[in-house]
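> prediction below, plus the sequence it came from.
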Amino acid sequence: MDSNIINAHAAKLAYEIAGYSHKPVEQVVMQAIEDLAERVLPKPKFASKDAEKRYYALKAISDHCASLSVLDWRDGDDILYDENGLPKSDKPLRERIMDIRKYCATLPVLDPRTPEEIIGYDENGLPPQ
């Protein structure tokens, strides 16, 4: 869910804090909202002490990762896939296509009928009337 909150005073403060802290304005706003949520929202209830420990361990990892600088602003697809939409690889395109072909050859046959039988063409190559 995207939100666009327009408030001149809030925007001025957010940009001022971002400039002072050398952080992106989005991170400053997110941190402020998370800090407020931590104080205002009810605390989660846990089924066991072990579940509570796991929750807070994962939350600490998540908070740490959220605070890290983004080193590559490219879209995930741009990082993972080449201009042909295939996973990036050191192998040439022809070799990757051969790998896909070999993989497909290992898949089981789910329908042993011929393409003509599946479509319903008769022995003369005509569709049924």
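Looks like it arrived, so ask away.

> for the helix ranked longest in the chain, which helices and strands make contact with it?
Counting residues, the longest helix in the chain under DSSP state H turns out to be helix 49-67. Contact here means 3 or more Cβ pairs under 8 Å, 6 or more residues apart in numbering; DSSP states H and E; on that basis helix 49-67 packs against helix 25-40. The way it works is simple: take the backbone N, C-alpha and C, and place the C-beta from them, glycine included.

> and for the helix it packs on, what's in contact with it?
Residues outside helix 25-40 that contact it (Cβ atoms under 8 Å, 6 or more residues apart in numbering): 14-15, 17-18, 21, 23, 66-67.

> which ones among those lie within strands?
Among the contacts of helix 25-40, DSSP state E puts none in strands.

> from these, which is closest to residue 79?
residue 66 (19.2 Å; Cβ to Cβ).

> show the contacting residues for the closest one.
Taking Cβ under 8 Å, 6+ apart as the criterion, residue 66 is in contact with 27, 30.

> now residue 120
Residue 120 neighbours (Cβ under 8 Å, 6+ apart): 127-128.

> pLDDT score for it?
Note on residue 120: pLDDT of 81.

> burial check on the residue nearest to residue 21 when sequence neighbours are not counted, number of neighbours?
The shortest distance from residue 21 to any non-neighbouring residue, by Cβ to Cβ, 6 or more residues apart in numbering, is to residue 28 (6.6 Å). Look at residue 28: counted by other Cβ atoms under 10 Å, it has 19 neighbours.

> give me the contact list for stretch 90-99.
Here stretch 90-99 has contacts from 84, 86-87, 89, using Cβ under 8 Å, 6+ apart.
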